[in-house]
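Participant: Quick one, structure for this:
(one chain, ligands or ions: 3)
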Amino acid sequence: MKHLAIIPGDGIGKEVIDVGLKVLDAVCEISSFDYDGELFDIGSERYLKSGELLTDEDTDSLRKKDAIYFGAIGDPRVKPGILEQGILLKMRAVFDQYINLRPVTSWFPLVPLKREVPFDIHFLRENTEDFYMGAGGTFGRDRKDARVNVKREMYDLQIDLRTNSSNNDDFAFEIGLLSRKGITRFADYAFNYAKARGDKKVTLVDKANVCTHIYGMQRSIFEEKSKEHGIALEYMFVDAMAMAMIVRPETFGTVAVPNLFGDILTDLGSQLQGGLGMGGSGNINPNGVSMFEPIHGSAPDIAGQKKANPIAAVLAARMLLENQGYQEEGEMLRRSVRDCLDKGLTTPDLGGKLTTDEVGEAICRYILGQKK
Ligand code: NAD
Ligand code: IPM
Ligand code: MN
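Facilitator: Numbering: from 1, shown residues only. Ligands and ions are numbered 1, 2, ... in the order given. Next up, the predicted model:
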């Protein structure tokens, strides 16, 4: 019996997790997988009522779970950043989910490319460092100095910034930071992942021609690790990578990418799979509690209209199953999605006419039909 935390969150997060749970229930009916799910009321509604984001009580309870199944957060009534940093990014940091695994796989014929080529890129996005530290601030005409203060398990970052008294400008800054420990565990994970997948190389995406300090250090550690693991290393600048994902996606396998660029490239990757409604992801701590979620957000523009494509959430459930040791069940979810696409049983974003729940029902029907 697996103990899962369920956090539907906001907007379409609730709608797609609802489907994801029905799909997991169907999997329970026909396989040895079994789970109990505890629902957590974490998101904008609770925040607007009580001011609570991710509380210590939440994290204490979540820590006892085998895995977390998460929908999305984000609400137009709340200033950008509050829910995102206070809930989602805090969860990734507190549980040290340092790998964000985001597969980008062709689902023929959904690919919006001129050529139809099969591809299967596995993005490993570093998930705890880079420009996602919340290390920033403002200073300038009214206040001449600012201090960054970020406390993490590995370091206590303090930076002082000052302007001279004649200054007549305002400043805002955001610090991107990488640690040797953070890069090393990221590199080890990437090379081991490539080995397990049978990939001959790891592609490291960066902008080492501009952000020479952080990505220079990252390159040197990846180079050492490439030798140690006996797997080739290839560099791609992020701008060229965005282009290459369109013109030759089939040439990539395991791709390691720092946090911010990984966020951007995997939305592009989702679109290569048919749209944001197709991208599943796992926030992984190999020795702790991992969290599985669709790549997309709360989509306020379509929330409550039964239009949300639940497949990304189903593919996140697939990743959860596989992470928990249920490979066959995970593979069955992949086939259930394939079956829906083949039959045109899809939501409007993929050109279909079905509602979120109807796609869920089609997926459940397929799974229940797999009973041995
Ligand atoms: P979004 O991913 O919510 O939506 C972008 C576009 O894609 C919208 O037009 C939306 O309708 C469409 N879309 C997304 N998911 C879809 C699905 N499953 N089916 C069909 N169409 C889908 O991104 P946004 O609009 O930039 O952000 C909205 C809110 O979500 C913001 O508050 C943002 O911070 C938050 N957000 C949260 C997460 C998360 O929780 N992991 C991820 C991204 C954005
Ligand atoms: C994602 C989202 C988050 C991110 C936001 C909501 C903080 O865009 O999961 O891709 O940038 O990581
Ligand atoms: Mn994103």
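Participant: Give me the secondary structure label for the residue of the stretch 101-250 of the chain found nearest ligand 1.
Facilitator: At 11.2 Å from ligand 1, Arg102 is the closest residue in the stretch 101-250 of the chain, using CB to the nearest ligand atom. In short, each C-beta sits where N, CA and C put it, glycine included. Following DSSP: H, G, I helix; E, B strand; the rest coil, Arg102 is assigned to strand.
Participant: and it, what does it touch?
Facilitator: Shown in contact with Arg102 (CB atoms under 8 Å, 6 or more residues apart in numbering): His122, Phe123, Arg125, Gly262, Thr266, Gly269, Gly279, Gly280, Ser281, Ile295.
Participant: In those, find the pair that's most separated.
Facilitator: Maximum pairwise distance in the contacts of Arg102, criterion CB to CB, is 14.9 Å, between Gly262 and Gly280.
Participant: which of these two has more neighbours?
Facilitator: Gly280 (28 against 24; other CB atoms under 10 Å).
Participant: Return the residues in contact with the closest residue to the more buried one other than its chain neighbours.
Facilitator: Leaving aside its sequence neighbours, Gly280 sits nearest to Leu315 (CB to CB, 6 or more residues apart in numbering; 3.1 Å). Neighbour list for Leu315: Pro103, Met278, Gly279, Gly280, Pro294, Leu333, Arg334, Val337 [criterion: CB under 8 Å, 6+ apart].
Participant: Got the confidence number for Leu315?
Facilitator: Looking at Leu315, its pLDDT reads 98.
Participant: before we move on, which element is it in?
Facilitator: Element membership of Leu315, judged by DSSP states H and E, is helix 311-323.
Participant: Which strand residues bridge Leu39?
Facilitator: Note on Leu39: beta-bridge partners by DSSP bridges are Ile6.
Participant: My guess is it contacts Ile6. True?
Facilitator: Yes. Applying CB atoms under 8 Å, one finds Leu39 in contact with Ile6, separated by 5.0 Å.
Participant: Among those two, which residue is more densely surrounded?
Facilitator: Using other CB under 10 Å as the criterion, Leu39 and Ile6 rank with Ile6 on top: 21 against 12.
Participant: now Ala303: how far from ligand 2?
Facilitator: For Ala303, the distance to ligand 2 equals 15 Å [CB to the nearest ligand atom, to the nearest Å].
Participant: Could I get the contacting residues of that residue?
Facilitator: Asp10, Gly11, Ile12, Glu15.
Participant: Please, which helix or strand holds the last one?
Facilitator: In this structure, Glu15 sits in helix 12-30 according to DSSP H and E.
Participant: If you count neighbours, what's buried in that helix?
Facilitator: Across helix 12-30, burial judged by 16 or more other CB atoms under 10 Å covers 12-24, 26-27.
Participant: okay, now the closest residue to ligand 1 within the stretch 1-150 of the chain: neighbour count?
Facilitator: Closest approach of the stretch 1-150 of the chain to ligand 1 (CB to the nearest ligand atom) occurs at Gly74, with a separation of 2.2 Å. Under the neighbour criterion other CB under 10 Å, Gly74 is assigned a count of 24.
Participant: In contact with Gly136, which residues?
Facilitator: Val148, Ala172, Phe173, Glu174, Ile175.
Participant: What of Ile87?
Facilitator: Gly9, Ile42, Gly43, Leu53, Leu54, Ile73.
Participant: do the same with Ser61
Facilitator: Ala5, Glu38, Phe40.
Participant: Next, count neighbours for the second one.
Facilitator: For Glu38, the number of neighbouring residues by other CB under 10 Å comes to 13.
Participant: any idea how far Phe261 is from the nearest residue to it once chain neighbours are set aside?
Facilitator: Leaving aside its sequence neighbours, Glu38 sits nearest to Ala5 (CB to CB, 6+ apart; 5.7 Å). Per CB to CB, to the nearest Å, Ala5 is found 29 Å from Phe261.
Participant: before we move on, what about Glu223?
Facilitator: Applying CB to CB to Glu223 and Phe261 gives a distance of 19 Å.
Participant: Comparing the two, which shows the higher neighbour count?
Facilitator: Phe261 (22 against 14).
Participant: so what pLDDT did the closest residue to the more buried one other than its chain neighbours get?
Facilitator: For Phe261, ignoring the flanking residues on the chain, the nearest one in space by CB to CB, 6+ apart is Val238 at 4.5 Å. Looking at Val238, its pLDDT reads 98.
Participant: cool, and the one 5 residues further on?
Facilitator: Met243 is assigned a predicted lDDT (pLDDT) of 97.
Participant: 29 is where my numbering starts, stick with that
Facilitator: Got it, the first residue is 29 from now on, which makes the last one we talked about Met271.
Participant: which parts of the one helix or strand it maps to are buried?
Facilitator: Assessed by DSSP H and E, Met271 sits inside helix 266-275. For helix 266-275, the neighbour count (16+ other CB under 10 Å) marks Val266, Met269, Ala272, Met273 as buried.
Participant: was I right about Ala390 contacting Leu382?
Facilitator: Yes. Look at Ala390 against Leu382 with CB under 8 Å: they come within range, at 7.2 Å.
Participant: Return every residue with contacts to both of these two.
Facilitator: Listed as contacting both Ala390 and Leu382 by CB under 8 Å, 6+ apart are Leu373.
Participant: Ramachandran coordinates for Tyr263?
Facilitator: Note on Tyr263: backbone dihedrals following degrees, to the nearest 10 are phi -100, psi 140.
Participant: That one: what's it in contact with?
Facilitator: Thr231, Leu232, Val233, Asp234, Ala236, Arg247.
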